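Colleague: return a 3D structure for these sequence lines:
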Amino acid sequence: MKSTKVIPNKQKKRGRGRPATGKDPLIALRLPREVIGAVDAWATRHKAGSRSAAVRTMIEMALRAK
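Modeller: Numbering: from 1, shown residues only. As a prediction, this is how the structure comes out:
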């Protein structure tokens, strides 16, 4: 029978539970497929990288607009 390896608390992998503080909060959003397609197309045209980055950029642009 193999012995169980004891891992000190510092080296244990963090599992479920409250996420680390100091990070941006997650905001979930449901969008119709057509809007998601438009966001993806916009992200491609503007080289935004990811869908999330595109949404953040579009929100920032809308907030700066008067």
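
Colleague: quick one: mean pLDDT over stretch 33-45.
Modeller: Across stretch 33-45, pLDDT averages out at 97.

Colleague: could I get the CA-only coordinates of it as PDB?
Modeller: What follows is stretch 33-45, C-alpha atoms only, in PDB (Å, rounded to 0.1, in the frame of the first residue of the first chain):
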ATOM      1  CA  ARG A  33     -27.300  35.400 -31.700                       C
ATOM      2  CA  GLU A  34     -27.500  38.300 -34.200                       C
ATOM      3  CA  VAL A  35     -26.000  40.700 -31.700                       C
ATOM      4  CA  ILE A  36     -23.200  38.200 -30.800                       C
ATOM      5  CA  GLY A  37     -22.500  37.900 -34.500                       C
ATOM      6  CA  ALA A  38     -22.300  41.600 -34.900                       C
ATOM      7  CA  VAL A  39     -20.000  41.900 -31.900                       C
ATOM      8  CA  ASP A  40     -17.700  39.200 -33.300                       C
ATOM      9  CA  ALA A  41     -17.600  40.900 -36.700                       C
ATOM     10  CA  TRP A  42     -16.800  44.300 -35.000                       C
ATOM     11  CA  ALA A  43     -14.000  42.600 -33.000                       C
ATOM     12  CA  THR A  44     -12.500  41.100 -36.200                       C
ATOM     13  CA  ARG A  45     -12.700  44.500 -38.000                       C
END
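
Colleague: and that stretch, which residues are buried?
Modeller: For stretch 33-45, the neighbour count (16 or more other C-beta atoms under 10 Å) marks Val39, Ala43 as buried. Just so you know, the C-beta spots here come from the backbone N, C-alpha and C atoms, and that holds for glycine as well.

Colleague: and the helices in this structure?
Modeller: Assigned helices in the chain, in chain order: 33-45, 51-64 (criterion: DSSP state H).
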